[in-house]
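# what shape does this take:
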Amino acid sequence: MKKYVLISSLLLCLLGVFTYLISPVKELEKTKYKGTTFQSLLKGAQGKDLVVQLSQSEFQINYQFSEKLLNEFIKYQIQLADQGIEAIELELKPNLITLHVNKKLGFLKTQYIIELKPKLSNGVLSLQVIDSKMGRLPLPSSLILSRINLGDIPSVEIVGDQIVLFKTLPKAMQFQDVEISDKNLKVVMNIKITSITDLMEIGAFMIPYGINLIEKFG
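Residues are numbered from 1 along each chain as shown. All right, here's what the predicted structure looks like:
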């Protein structure tokens, strides 16, 4: 009998410790799923000389997204993916993004925390995971990413420890620079149209998001 009580007590203690380790470390407001669309995200971008014409066929777009606007956008994307996420919050730090996600593990409340660093490679923008935790418990990024299913978000692809953004980006559209400062994400993109094919590919990419080419470049 004493042995049974001892084992039960030990299991309860271990469960208590585990529950504490994975419990949320930051209080988040429950997501109400009233975010902004991709079109509204781009329209809400602020910055000097939003569109700069470099030549007759080449343009440079300078986007500046506030932390508030990005949070509204990611909540909308999470709603589309329908992942059972209770709350999500994105925090911008100097050249670093911290993502807090509340999602239950069975009946236990937990919070997934991911530290992401923007990365550019051959004109493609991605976010590299540099730290990942479940509450206070460090875990491999692959496990955390699989739990919150970011790959289910439209135009997002998980490749190893990287989150590739806009995976269907046409070759004529390339990211040139990315920077995070003053709670703003600043992105520079070049669009170079050298053929009718480029124009058609760009149109096919932008139309699903409701982006008006004439409004941007006309």
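
# from Lys192, how far off is the spatially most central residue of the chain?
Note on the chain: the residue nearest the mean C-alpha position is Ile74, at 6.5 Å, using CA atoms, centre = their mean. Ile74 sits 29 Å away from Lys192, taking CB to CB, to the nearest Å as the criterion. Using the backbone N, CA and C atoms, a C-beta is placed for each residue, glycine as well.

# returning to what we had before: the residue nearest to the centre of the chain contacts Ile88, correct?
Yes: between Ile74 and Ile88 there is a contact under CB atoms under 8 Å: 6.2 Å.

# what about the helices in the chain?
2-22, 38-43, 67-81, 141-148, 196-206, 213-217 (DSSP state H).

# reformat these as CSV; add mean pLDDT and distance to Glu179.
Below are the helices of the chain laid out as CSV (pLDDT from 0 to 100; distance: least, CB to CB, whole Å):
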stretch, mean pLDDT, distance to Glu179
helix 2-22, 73, 34
helix 38-43, 64, 18
helix 67-81, 78, 14
helix 141-148, 88, 23
helix 196-206, 83, 24
helix 213-217, 44, 22
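
# of all the ones you listed, which one comes closest to Gln111?
With CB to CB as the measure, helix 2-22 is the member of the helices of the chain nearest Gln111 (7.8 Å).
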